[in-house]
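Colleague: When you get a sec, could you give me coordinates for this:
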Amino acid sequence: MASLLQQPLGPLDPPPSPLPRHNVENTNPKLLSDASPPHKPDRLPHGRIRTSQFQSHRPFDEIPRRDDTIKWTSYIARRCRSGALSAATAAFASMLSAGARPNGVTLITLLSACADSDARKMSLPFGRFVHGHVFKWCGDGVQEYDVVLGTSLVDMYAKCGRTDLARQLFDRMTARNLVSWNTMLDGYMRNGEVGESVSLFRRMVKRDKMTWTAMISGYVKNGRLEEALECFRQMQLHRIDPDYVTIISVLAACADLGALGQGLWAHQYAWRQGLSRNVRLSNSLIDMYSRCGRVDFARQVFEVMPSRTLVSWNSMIVGFAINGCAHEALQHFSMMQAAGFVPDGVSFTGVLTACSHAGLVEEGLRYYDMMTQACGISPRLEHYGCLVDMLSRTGRLRDAMDILQSMPMKPNEVVLGSLLAACRVHGDVSMAERVLGYLVEVEPDCDSGYILLSNVYAAAGMWDGVGEVRSSMKTQGIKKTPGISGVEVDGDVHEFVAGDDSHRRSEEIYATLELVGHEMKLWGYVPPTQTD
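Modeller: I've put the predicted structure just below:
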């Protein structure tokens, strides 16, 4: 790993002005729901959900029906840990029927289960039901659990998509700690409310590792990649040491941007902090290097891993595939099986992509049969997409169309676009017109389909068709989305479009481009010109 890591750790780019920080005042009302607290024991907030709604039809006889809060809480916790929210709700209903009184631990356990459940239709109403019992049962003892219970409620509502209710609770908490702030901040990010999250972040007097990580991860998940890297720089300036979770988010941003320099810096930092042996971090490094075009670096990381998971193998196989190393991808697929790992859908996406890029049609079809028959994996959209792309690249457009029409799900823009691009390469005008019909049905405002069809007409010399496509785009108000290019210079990623002069050094940039173009012509290079 000397070629990767044993280099001087360069400084980060100079930071912009630090973010403003403001003091915050806590409000003093007790925890409240968005509705008024219940005035009677049988009236609960948010729809007045009654216990009978959650009672199971199966007999509940695993523990005695008696007033034993600890045993009931333990039983409910086991159900929650197994992910069985419906069983936990039935247990809670039976607990209440047996006369046992839930305590703060019981309620926090149930709220956490609601927050982490995938059954959103059930988790939100049951979370509201538990919310009512925060008042009904805790009574004077609520102060003991005030911060933890309040934070659990905020987390539950935010993860159920109700950041409005989460914020109401957050603002009304009698006491808040750093976890409370981080929970609200993360809730905004996971629901795409980046502006609200940034506003809350700026109000925070104290920030810790989790605060910064939530911001960086949130920026990445919301596609704000440059801001994620800027936030990471700010974290360094505030002398907050990131952990492997932070670095994984940074690497994801680098991978999406193709920012190899910053990805290398993050790798060096992780290595010096003793984090590079973490399996999840190593998997992220393999993905980042592969997507930045340095599959050789990805392979170095893979080969020195002390232990590997299926994700490690899949990352390496896909990395080889997308970088045109079909032989290595298929070889590692065999090595993975020899190591005792059972391939999954991602594994087959990798080998099918490798076969597609290398034109290995028969091998690709054999792997597809292995996936569906030997491994019993139902094909997903990406597998069909690989088949369509593989057949299209080799000119088997009719077979690709047959696959398209036999898919159990609707094709997306990517799948249709690959077939349409192949129609352009192989000059099949009638097929291109059919594919555009599918594409317009799936994505009516997709400009790329019209542009590709226009190029098909132009390549065939059908200029009337070119005019009709452009007229149709104008009538429907569809405009060509400008292509954005990016370049990384000294750790900064600069994005630009054709004719862009917004960069402060644009004159110098264009002068250099003209010089390069002149030099290329002197060497006999004639750039291709094609209508788009």
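Colleague: Ramachandran angles for the most centrally placed residue in the chain?
Modeller: Nearest to the mean C-alpha position of the chain, counting by CA atoms, centre = their mean, stands Lys221 at 5.2 Å. Backbone torsions of Lys221, given as degrees, to the nearest 10, read phi -60, psi -30.
Colleague: Tell me how many other residues crowd the residue nearest to it when sequence neighbours are not counted.
Modeller: Residue nearest to Lys221 in three dimensions, not counting chain neighbours: Met189, with 6.8 Å by CB to CB, 6 or more residues apart in numbering. From N, CA and C alone the C-beta is placed, and that goes for glycine too. Other residues within reach of Met189, judged by other CB atoms under 10 Å, total 26.
Colleague: repeat for Lys136
Modeller: Using other CB under 10 Å, Lys136 is surrounded by 18 other residues.
Colleague: Begin at 11 from now on, thanks
Modeller: With the count now opening at 11, the last piece we talked about shows up as Lys146.
Colleague: Check what pLDDT it gets.
Modeller: As predicted, Lys146 sits at a pLDDT of 71.
Colleague: cool, and the one 3 residues further on?
Modeller: On the pLDDT scale, Gly149 is placed at 50.
Colleague: What of Lys231?
Modeller: pLDDT, Lys231: 96.
Colleague: ok so, going back, ok, now which ones touch the residue nearest to Lys231?
Modeller: Ser207, Ala224, Met225, Ser227, Gly228, Tyr229, Lys231, Asn232 (CB atoms under 8 Å, 6 or more residues apart in numbering).
Colleague: Repeat the analysis, applying 7 Å as the threshold.
Modeller: Ser207, Ala224, Gly228, Lys231, Asn232 (CB atoms under 7 Å, 6 or more residues apart in numbering).
Colleague: next one: Cys90
Modeller: Ala98, Thr119, Leu120, Ser122, Ala123.
Colleague: isn't there a helix covering Ile257?
Modeller: Yes - the assignment for Ile257 by DSSP: H, G, I helix; E, B strand; the rest coil puts it in a helix.
Colleague: circling back: can you give me the distance of the residue nearest to the centre of the chain to Ile258?
Modeller: Going from Lys231 to Ile258 by CB to CB, to the nearest Å gives 12 Å.
Colleague: What's the local residue count around Arg290?
Modeller: 14.
Colleague: I am assuming it contacts Ile258, so please confirm or correct that.
Modeller: Yes - counting by CB atoms under 7 Å, Ile258 is a contact partner of Arg290 at 6.3 Å.
Colleague: related to what we said a few turns ago, in which helix or strand does the residue nearest to Lys231 reside?
Modeller: helix 188-200 (DSSP states H and E).
Colleague: And that helix, what's buried?
Modeller: Buried residues in helix 188-200, counting neighbours by 16 or more other CB atoms under 10 Å, are found at Ser190, Trp191, Asn192, Thr193, Met194, Leu195, Asp196, Gly197, Tyr198, Met199, Arg200.
Colleague: Okay, strands next: where are they in this protein?
Modeller: Applying DSSP state E to the chain gives strands spanning 495-499, 502-506.
Colleague: Low-confidence bits of the chain, can you list those?
Modeller: Residue ranges of the chain with pLDDT under 70: 11-77, 147-155, 454-460, 470, 479, 483-517, 520, 528-529, 532, 536-542.
Colleague: Please go through it and pick out the longest helix.
Modeller: If you go by DSSP state H, the chain has its longest helix at helix 130-148.
Colleague: in it, what counts as buried?
Modeller: 133-148.
Colleague: ok, now stretch 238-247?
Modeller: By 16+ other CB under 10 Å, the buried positions in stretch 238-247 come out as Ala238, Leu239, Glu240, Cys241, Phe242, Arg243, Gln244, Met245.
Colleague: As CSV, the residues you listed with distance to Val115 would be great.
Modeller: As requested, those are exported to CSV (distance: CB to CB, whole Å):
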residue, distance to Val115
Ala238, 36
Leu239, 41
Glu240, 41
Cys241, 35
Phe242, 37
Arg243, 41
Gln244, 37
Met245, 34
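Colleague: List just the nearest of these to Thr79.
Modeller: Each of those was checked against Thr79 using CB to CB; the closest is Met245, at 42.7 Å.
Colleague: With adjacent residues omitted, what lies nearest to that closest one?
Modeller: Distances taken as CB to CB, 6+ apart put Trp222 closest to Met245, at 4.3 Å, once the chain neighbours are dropped.
Colleague: tell me the contacts of the one you found?
Modeller: With CB under 7 Å, 6+ apart, Trp222 has these contacts: Cys241, Met245, Ile250, Thr256.
Colleague: of all the residues you listed, which comes closest to Ala108?
Modeller: For those, the minimum distance to Ala108 (CB to CB) is 45.7 Å, reached by Thr256.
Colleague: one step back: quick check: the gap between the residue nearest to Met245 and Thr256.
Modeller: Per CB to CB, Trp222 is found 7 Å from Thr256.
Colleague: And for Asp128?
Modeller: From Asp128 to Thr256 the distance is 26 Å (CB to CB).
Colleague: Settle it for me: which of those two has more neighbours?
Modeller: The neighbour comparison of Asp128 against Thr256 (other CB under 10 Å) goes to Thr256, with 25 against 8.
Colleague: Now distance to Phe180 too, for the contacts of Met199, in TSV please.
Modeller: Converted to TSV, these look like this (distance: CB to CB, whole Å):
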residue	distance to Phe180
Ser207	13
Ala224	15
Gly228	17
Lys231	21
Asn232	20
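Colleague: Whichever of these end up buried, select them in ChimeraX.
Modeller: A single ChimeraX command is used to select the members of the contacts of Met199 judged buried by 16+ other CB under 10 Å:
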select :207,224,228,232
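Colleague: so which pair among the contacts of Met199 is furthest apart in space?
Modeller: Maximum distance among those (CB to CB): 12.1 Å, for Ala224 and Asn232.
Colleague: got a list of what the residue lying closest to Gly273 once chain neighbours are set aside touches?
Modeller: Spatial nearest neighbour of Gly273, excluding adjacent residues (CB to CB, 6+ apart): Cys264 at 3.7 Å. Going by CB under 7 Å, 6+ apart, Cys264 touches Gln272, Gly273, Ala276, Met298.
Colleague: what's the spacing between Cys264 and Arg304?
Modeller: Distance from Cys264 to Arg304, by CB to CB: 11 Å.
Colleague: Could you single out the nearest of the contacts of Cys264 to Leu523?
Modeller: When the contacts of Cys264 are compared for distance to Leu523 (CB to CB), Gln272 comes out closest, at 24.6 Å.
Colleague: any idea how far the closest one lies from Arg287?
Modeller: For Gln272, the distance to Arg287 (CB to CB) stands at 21 Å.
Colleague: The two: who's more crowded?
Modeller: More crowded of Gln272 and Arg287, by other CB under 10 Å: Gln272, with 24 against 14.
Colleague: how about the helices of the stretch 261-410 of the chain, start to end?
Modeller: Counting by DSSP state H, counting those that start in this stretch, the stretch 261-410 of the chain has helices at residues 270-282, 289-301, 305-313, 320-332, 336-348, 355-368, 371-379, 391-403, 407-416.
Colleague: so which of those helices gets nearest Leu525?
Modeller: The closest of the helices of the stretch 261-410 of the chain to Leu525 is helix 270-282. By CB to CB, the value is 24.4 Å.
Colleague: thought Ser122 was touching Ser162?
Modeller: Yes - using CB under 7 Å, Ser122 is in contact with Ser162, at 6.1 Å.
Colleague: Between those two, which is the more surrounded one?
Modeller: Ser162 (27 against 17).
Colleague: so who does the more buried one touch?
Modeller: Counted by CB under 7 Å, 6+ apart, Ser162 has contacts Ile118, Leu121, Ser122.
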